[in-house]
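A.B. asks: One predicted model, sequence on top.
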Amino acid sequence: MTDEIIEVRKMRMEDYPAMVEITARAYAGIGGLPWGLQHIGKLLDLFADGQLCITVGDKPVGFALSLIVDYGKFGDSHSYEDITAKFTFSTYDPDGDVLYGLDIMVDPDYRNMRLARRLYEARKALCENYGLRAIVAGGRIPGYAEHAEQMTPKEYIERVTLKELYDPVLSFQIANGFHVRKVLTNYLRFDAESKAFATLIEWNNIYYQDKPDMHKRQHSLVRIGLVQWQMRQMDSLDSLLQQTEFFVDALGAVRADFVLFPELFHMPLMAQFGDLSPADAIRRLAEFTPTICDKLSQLAVNYHINIISGSLPFLENGHLYNVAYLLRRDGSRDEQRKIHITPGERRWWGMKGGTQLKAFDTDCGKIGILICYDSEFPELSRLLADQGMQILFVPFLTEMKNGYMRVRLCTRARAIENECYVAIAGAVGNLPKVQASDTHYAQSAVFTPADFAFPGDSIINEAAANSEALLVAEVNLDLLRTLHEHGSVTTLKDRLPNLYSLKWTGDAHELKT
């Protein structure tokens, strides 16, 4: 038997006699009444792709039936008669959003061959290929009859989910990626084994997207450009802006979607204030921030590239902040202030930490920005992941290799913990006339989670250490969606919020500086 070819194909009308026989055996416990010939004919006429047959050799040994429906018209409290319109199937909607599973059966003589799993996988492929949001079905719980006097259906389902009890249907569905949305009552009134209860189960299509605006970019591949900036003497703001545009131009030529500059990359301009204290000098440097930000925004539009400004000092109500600006290619702007201030920044410059954190929407997915030291606090990136962050950008500025290694090792951990890509960009070189920022060490890179779909070392690309460079890396957002659901480990899904949780309170309480 096992040497014969197994095939999943569309059901045919000539398969009906085999279906009748299999129904009698598979559903002997609840009467084994077969589908009517007219019902199968109607389903094949309406939605032939959704009616599946699995064969061993050429013998039909299992079937799966389904419809496409507009699920919003039914909601979660429906019956089998509701979803089939009393078996007229007028509920079928080719423009619907859900593949509804009507039935799945396998000949008991073939149940040791995992054929039901193949039918489930074929349904999932159908859902993905049709661009549907989910598979939904009402699932029997035939094992409940044995426990009905000791527990409610809800308690039974919870214990099956925790693998404390085994149910021949529900346990299999959970193992195949379905989750229980709710308990249904009087779903199949004649199902004595389930006591007329059922589980409303769902499998979500992670590739589903709402119908896109055809005038907007909807790509899963995102190209990231990093600038490993060489600190050098510059005599004017114009010189710095010319160098900045050179890098944006170069990355625009390779059609990068993002360009990331390092933290405080414009520090060469601080040399002209060398006769002032570091605290006064950086406040003079902050006077350039509006002009630099406006220029970067103009470059983002002109070169059609989203720019993360690295970071720039910003004075507000007498307080000095370290701010990263997101300059989108549509001309819009956002900002992320550095939250954790290093001892050196407090001592030399008197900087103050920001108190807000946000994941930003872009035309290439949702991103987060953490400036240097902030990346060493795992709470921040986890909060961004909870907001749907797919790419984390980390502009940094470190003086020595040990400081760089803190950023590198922590950001690699952030990629694994939060199942996201992380791009880091720093500055290299020396500034002899700038106190508190005279030496610099960097090796810019793009990191990935650690799983089969990604590079073995979890590094897509990295620059040579301590030399000026442009780095380009392409990331695939679809791989993140797959990782979230089907990774070797699923870190985000496997958290235990009943044991621990993380809450942002920054909007209500000022963080200490």
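C.D. replies: Yes, it's here. Everything numeric here is computed off the predicted structure, so don't read it as measured data.
A.B. asks: Please read off the pLDDT at Phe172 from the model.
C.D. replies: What the model reports as pLDDT for Phe172 is 87.
A.B. asks: go on, Asn466?
C.D. replies: 93.
A.B. asks: in terms of contact, does it touch Ser444 like I think?
C.D. replies: No. Using Cβ atoms under 8 Å, Asn466 makes no contact with Ser444, being 10.7 Å away. Every C-beta, even on glycine, is put in place using the N, C-alpha and C of the backbone.
A.B. asks: more neighbours, those two?
C.D. replies: Regarding Asn466 and Ser444, a neighbour count based on other Cβ atoms under 10 Å identifies Ser444 as having more, with 29 against 17.
A.B. asks: who does the one helix or strand Leu296 maps to touch, helix- and strand-wise?
C.D. replies: For Leu296, the host element (DSSP states H and E) is helix 289-302. On a contact count with 3 or more Cβ pairs under 8 Å, 6 or more residues apart in numbering; DSSP states H and E, helix 289-302 meets helix 237-253, strand 306-308, strand 312-316, strand 319-327.
A.B. asks: Please identify the buried residues of the last one?
C.D. replies: Of the residues in strand 319-327, those buried under the neighbour-count criterion (16 or more other Cβ atoms under 10 Å) are Leu320, Tyr321, Asn322, Val323, Ala324, Tyr325, Leu326, Leu327.
A.B. asks: any idea which of those is the one closest to Glu128?
C.D. replies: Nearest to Glu128 among the buried residues of strand 319-327: Leu326, at 32.3 Å, using Cβ to Cβ.
A.B. asks: nearest spatial neighbour of that closest one, skipping sequence neighbours?
C.D. replies: Asp334 (4.4 Å; Cβ to Cβ, 6 or more residues apart in numbering).
A.B. asks: can I have the helix or strand hosting the one you found written out in PDB, keeping just the CAs?
C.D. replies: Here Asp334, judged by DSSP H and E, is contained in strand 333-337. The C-alpha trace of strand 333-337 is given here as PDB (Å, rounded to 0.1, in the frame of the first residue of the first chain):
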ATOM      1  CA  ARG A 333       8.600  63.300   8.500                       C
ATOM      2  CA  ASP A 334       8.800  61.500  11.800                       C
ATOM      3  CA  GLU A 335      11.300  61.500  14.700                       C
ATOM      4  CA  GLN A 336      12.600  59.200  17.400                       C
ATOM      5  CA  ARG A 337      14.500  60.700  20.300                       C
END
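A.B. asks: which strands and helices sit next to that strand?
C.D. replies: strand 319-327.
A.B. asks: quick one: the strand it packs on to helix 289-302, angle?
C.D. replies: Between strand 319-327 and helix 289-302, the angle comes out at 10 degrees (axes from the mean of the first three to the mean of the last three Cα atoms, to 10 degrees).
A.B. asks: For strand 319-327, what is the distance to the chain centroid?
C.D. replies: Distance of strand 319-327 from the chain centroid (Cα atoms, centre = their mean, to the nearest Å) equals 27 Å.
A.B. asks: mind listing the strands for the stretch 51-200 of the chain?
C.D. replies: For the stretch 51-200 of the chain, the strands defined by DSSP state E, counting those that start in this stretch occupy 52-56, 59-69, 98-106, 134-139, 179-185, 197-204.
A.B. asks: just to revisit the earlier point, who's in contact with the residue nearest to Leu326?
C.D. replies: Shown in contact with Asp334 (Cβ atoms under 8 Å, 6 or more residues apart in numbering): Tyr325, Leu326, Arg328, Lys358, Phe360.
A.B. asks: who's in contact with the helix-or-strand element of the chain with minimal mean pLDDT?
C.D. replies: Within the chain, no helix or strand scores below strand 179-185, which has a mean of 84 by mean pLDDT, DSSP states H and E. Identification of contacts with strand 179-185 by Cβ under 8 Å, 6+ apart yields 76-79, 136, 138, 153-154, 157, 161, 170, 174, 196-203.
A.B. asks: that older thread, how about CSV for the helices and strands packed on helix 289-302, with mean pLDDT and distance to Ser220 added?
C.D. replies: Listed next are these as CSV, based on pLDDT from 0 to 100; distance: least, Cβ to Cβ, whole Å:
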stretch, mean pLDDT, distance to Ser220
helix 237-253, 94, 20
strand 306-308, 97, 16
strand 312-316, 96, 32
strand 319-327, 97, 21
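A.B. asks: what's the most buried one of those?
C.D. replies: Compared across those, strand 306-308 shows the largest average neighbour count, a mean of 27 (mean count of other Cβ atoms under 10 Å).
A.B. asks: where does that strand sit relative to the chain's centre, distance-wise?
C.D. replies: 21 Å.
A.B. asks: Show me what it pairs with in its sheet, parallel or antiparallel.
C.D. replies: With DSSP bridges as the test, strand 306-308 is paired with strand 258-260 (parallel), strand 319-327 (antiparallel).
A.B. asks: what comes up buried for the helix holding Leu296?
C.D. replies: For helix 289-302, burial by neighbour count (16+ other Cβ under 10 Å) applies to Thr289, Ile292, Cys293, Lys295, Leu296, Ser297, Leu299, Ala300.
A.B. asks: and the angle from that helix to strand 333-337?
C.D. replies: For helix 289-302 against strand 333-337, the angle by the same axes, to 10 degrees is 130 degrees.
A.B. asks: Outside of helix 289-302 itself, list whatever touches it.
C.D. replies: So helix 289-302 is contacted by 237, 240-241, 244-245, 248, 266, 305-307, 309, 312-314, 323, 325, 327-331, 333 (Cβ under 8 Å, 6+ apart).
A.B. asks: if we go to 10 Å?
C.D. replies: Taking contacts as Cβ atoms under 10 Å, 6 or more residues apart in numbering, the residues outside helix 289-302 that touch it are 237, 240-241, 244-245, 247-249, 252, 258-259, 261, 265-266, 269, 305-315, 323, 325-333, 335.
A.B. asks: Now the terminal residues of stretch 385-398, how far apart.
C.D. replies: End-to-end distance of stretch 385-398 (Cα to Cα, to the nearest Å): 25 Å.
A.B. asks: For it, could you pull out the residues that count as buried?
C.D. replies: Buried, per 16+ other Cβ under 10 Å, within stretch 385-398: Ala385, Met389, Gln390, Ile391, Leu392, Phe393, Val394, Pro395, Phe396, Leu397, Thr398.
A.B. asks: Test my guess that the fifth one contacts Ala413.
C.D. replies: No. Counting by Cβ atoms under 10 Å, Leu392 sits too far from Ala413 to count as a contact (11.4 Å).
A.B. asks: Now the common contact residues for these two.
C.D. replies: In contact with both Leu392 and Ala413: Ser375, Ser381, Val422, Phe447, using Cβ under 10 Å, 6+ apart.
A.B. asks: contacting residues around the closest residue to Gly72 other than its chain neighbours?
C.D. replies: Excluding the flanking residues, the one nearest Gly72 by Cβ to Cβ, 6+ apart is Asp97, at 7.6 Å. Asp97 sits next to 68-72, 130-134, 136, 205, 208, 210 when contact means Cβ under 10 Å, 6+ apart.
A.B. asks: again, only this time at 7 Å
C.D. replies: In this structure, Asp97 makes contact with Asp70, Tyr71, Leu132, Arg133, judged by Cβ atoms under 7 Å, 6 or more residues apart in numbering.
A.B. asks: thinking again about what came up before, list the contacts of the helix or strand following the strand holding Asp334.
C.D. replies: Going down the chain from strand 333-337, the next helix or strand is helix 343-349, by DSSP H and E. Taking contacts as Cβ under 7 Å, 6+ apart, the residues outside helix 343-349 that touch it are Pro278, Ala279, Ile282, Leu320, Met351, Ala436, Thr513.
A.B. asks: out of those, which are inside strands?
C.D. replies: Among these, the residues falling in strands (DSSP state E) are Leu320.
A.B. asks: Make JSON lines out of the helices and strands packed on helix 289-302 and add distance to Thr84.
C.D. replies: Shown next, in JSON lines, are the helices and strands packed on helix 289-302 (distance: least, Cβ to Cβ, whole Å):
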{"stretch": "helix 237-253", "distance to Thr84": "55"}
{"stretch": "strand 306-308", "distance to Thr84": "48"}
{"stretch": "strand 312-316", "distance to Thr84": "62"}
{"stretch": "strand 319-327", "distance to Thr84": "50"}
